[in-house]
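Novice: below are the sequence and a predicted model for it; my questions follow.
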Amino acid sequence: MPLYEYKGIGAGGKQARGTIEADTSKTARTRLKQKGIYTTEIAEKSNTKQREKRSPLSSGGVKSRNISLMVRQMATLVKARIPLDEALAALVEQSEDHKLKSVMSQVRDSVNEGKSLADSMKMFPRVFSPIFVAMIRVGEVSGNLDLVLKRLADFTESQQTLKNKVLGAMTYPAVISVAGIGITIFLFAFAIPKITEVFEGSKMPLPTITVVMIAISGFMASQWLTIILTMVGTFFLFKWYTSTIKGREWWDTVSLKLPLFGKLKRMIAISRFARTLSTMIASGVQLLDAIEIVKDVVDNAVIRKALIEARESISEGHTIAGPLKASGEFPPILTHMIAVGEKTGELEEMLNVVSDAYDGQVDVAINSMTRLLEPLMIVLMGGMIALVAISIFLPMLQLNNLAGAG
């Protein structure tokens with residue numbers, strides 16, 4: 001909701017000044033009048049910094065599905081030839097997401113002040129990405145805002161679907177890993193030390209595996225703080241290093257070569273690249289501008305570098321397919337389809353075909369990886385528990401044998 005600064009005269013003729021939130025300046029005046037304050041000056045704090053400060057997004061963004069729903073609703077309203085200010089007002093009124101409601105209220109007020117929809121959305125980069133802003137701007141200029149909004153909704157939904165698939169595939173292995181680590185820590189921290197007390201009274205030699213497990217358990221018990229600090233320190237050091245340019249390039253290079261995950265990560269990056277570039281070109285965004293934005297969508301420094309070099313080559317008059325093929329980071333099917341699209345003038349259609357194909361391959365890769373990881377994680381966890389169990393039961397069997405012989 002907009003924030004207004006006011007000066008006025010309060011009860012007893014005293015000077016009054018302050019701020020008040022209201023949908024419009026008229027509403028602000030009415031509220032102040034109800035409080036017994038007659039305004040002499042009132043003005044909205046409308047610059048970008050102030051808007052961002054009072055935006056609720058300082059504590060988090062808006063869910064993609066809510067943005068997608070809002071964009072689809074806006075497309076319907078604009079297509080029905082409802083004026084933009086009324087369409088935005090309707091969206092604010094019916095939005096159930098409080099954060100999005102606040103943002104759209106400020107976007108509406110900015111549009112009412114005479115700014116374009118693209119410039120108004122640009123004030124909230126944590127909600128509306130550069131792709132959003134660029135496509136909205138083209139839609140406003142070309143008069144095809146409803147069509148652009150529909151494409152944006154489709155694009156947002158497809159990206160959210162892809163994200164959900166990846167998260168869903170990672171959930172089960174993550175749960176199994178956490179459970180396995182928790183059980184292992186419990187066994188080493190509590191079970192083995194208790195069993196060790198039983199064996200300390202006996203003079204019999206212990207099996208090698210038991211000696212090793214007791215040593216590990218003792219180390220964990222005596223150095224638990226060092227272990228925790230080392231793990232936390234390693235984690236933050238990794239996060240810091242990968243946040244640097246050199247570190248991010250190293251990690252993105254390594255991650256693309258990892259078994260299973262590397263291939264999946266490249267597929268996802270290629271799918272995002274093809275889908276985003278196709279959507280932007282179809283919406284009328286210039287190719288060089290589209291690539292400039294798309295390079296940040298792929299979320300991989302290696303592929304981003306290849307796109308930057310490709311953009312420079314394209315700006316010098318070369319085709320798209322050539323520099324992408326020369327980089328070695330893009331599969332032959334992609335560069336071949338792009339080359340065909342450039343020759344036939346159907347580049348966005350070819351990119352869509354590639355994106356659909358890679359979305360299908362991502363599904364297959366995720367299913368295959370999940371089927372492989374599930375038994376692998378179970379075997380690893382079971383193997384660790386089995387080793388601990390064997391290290392405990394072997395000396396117990398020896399004790400029983402000694403007792404029986406005596």
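Specialist: That came through fine.
Novice: ok, the residue most central in space within the chain - contacts?
Specialist: Note on the chain: the residue nearest the mean C-alpha position is residue 163, at 8.0 Å, using CA atoms, centre = their mean. For residue 163, the contacting residues are residue 64, taking CB atoms under 8 Å, 6 or more residues apart in numbering as the criterion. Every residue, glycine included, has its C-beta placed from N, CA and C.
Novice: likewise for residue 373?
Specialist: Residues in contact with residue 373 (CB under 8 Å, 6+ apart) are 172-173, 260.
Novice: now tabulate those in CSV and tack on distance to residue 279.
Specialist: Supplementary listing: those in CSV, determined by distance: CB to CB, whole Å:
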residue, distance to residue 279
172, 32
173, 32
260, 29
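Novice: hmm, residue 306 is touching residue 324, no?
Specialist: Yes - between residue 306 and residue 324 there is a contact at 6.9 Å, judged by CB atoms under 8 Å.
Novice: which residues do these two both contact?
Specialist: Taking CB under 8 Å, 6+ apart as the contact criterion, the residues that touch both residue 306 and residue 324 are residue 330.
Novice: so those two - more neighbours on which side?
Specialist: The neighbour comparison of residue 306 against residue 324 (other CB atoms under 10 Å) goes to residue 324, with 24 against 21.
Novice: returning to what we had before: list buried residues within the contacts of residue 373.
Specialist: Listed as buried from the contacts of residue 373 are residue 173; burial here means 16 or more other CB atoms under 10 Å.
Novice: could you chop this protein up by domain?
Specialist: Using automatic domain parsing, the domains assigned to the chain come out as 3-45, 60-128, 142-406.
Novice: return the most buried member of those.
Specialist: Ranked by mean neighbour count, the domains of the chain are led by domain 60-128 with a mean of 18 (mean count of other CB atoms under 10 Å).
Novice: hang on, residue 18 in a helix?
Specialist: No - with DSSP: H, G, I helix; E, B strand; the rest coil as the criterion, residue 18 is strand rather than part of a helix.
Novice: give the contact list for it.
Specialist: Residues near residue 18 by CB under 8 Å, 6+ apart: 5-6.
Novice: what's across from it in the sheet?
Specialist: Assessed by DSSP bridges, residue 18 has beta-bridge partners residue 6.
Novice: could I get the pLDDT score of it?
Specialist: Here, the pLDDT recorded for residue 18 equals 75.
Novice: circling back to that earlier point, let me know the helix or strand that the residue nearest to the centre of the chain is in.
Specialist: For residue 163, the element it lies in under DSSP states H and E is helix 145-186.
Novice: give the rounded mean pLDDT of that helix.
Specialist: In this model, helix 145-186 has an average pLDDT of 79.
Novice: the bottom helix or strand of this structure by mean pLDDT?
Specialist: Taking mean pLDDT, DSSP states H and E as the measure, the helix or strand of the chain with the lowest value is helix 48-54, at a mean of 40.
Novice: next secondary structure after that helix?
Specialist: Using DSSP H and E, the next helix or strand after helix 48-54 towards the C-terminus is helix 64-79.
Novice: only C-alpha atoms, please: export that following helix in PDB.
Specialist: This file holds the C-alpha atoms of helix 64-79, laid out as PDB (Å, rounded to 0.1, in the frame of the first residue of the first chain):
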ATOM      1  CA  SER A  64       6.100 -18.700  -8.700                       C
ATOM      2  CA  ARG A  65       2.700 -20.300  -9.000                       C
ATOM      3  CA  ASN A  66       1.100 -17.200  -7.600                       C
ATOM      4  CA  ILE A  67       2.900 -15.000 -10.100                       C
ATOM      5  CA  SER A  68       1.900 -17.300 -12.900                       C
ATOM      6  CA  LEU A  69      -1.800 -17.200 -11.800                       C
ATOM      7  CA  MET A  70      -1.700 -13.500 -11.600                       C
ATOM      8  CA  VAL A  71      -0.100 -13.100 -15.000                       C
ATOM      9  CA  ARG A  72      -2.700 -15.400 -16.600                       C
ATOM     10  CA  GLN A  73      -5.500 -13.500 -14.900                       C
ATOM     11  CA  MET A  74      -4.000 -10.200 -16.200                       C
ATOM     12  CA  ALA A  75      -3.800 -11.700 -19.700                       C
ATOM     13  CA  THR A  76      -7.500 -12.500 -19.600                       C
ATOM     14  CA  LEU A  77      -8.500  -9.000 -18.400                       C
ATOM     15  CA  VAL A  78      -6.300  -7.300 -20.900                       C
ATOM     16  CA  LYS A  79      -7.600  -9.500 -23.700                       C
END
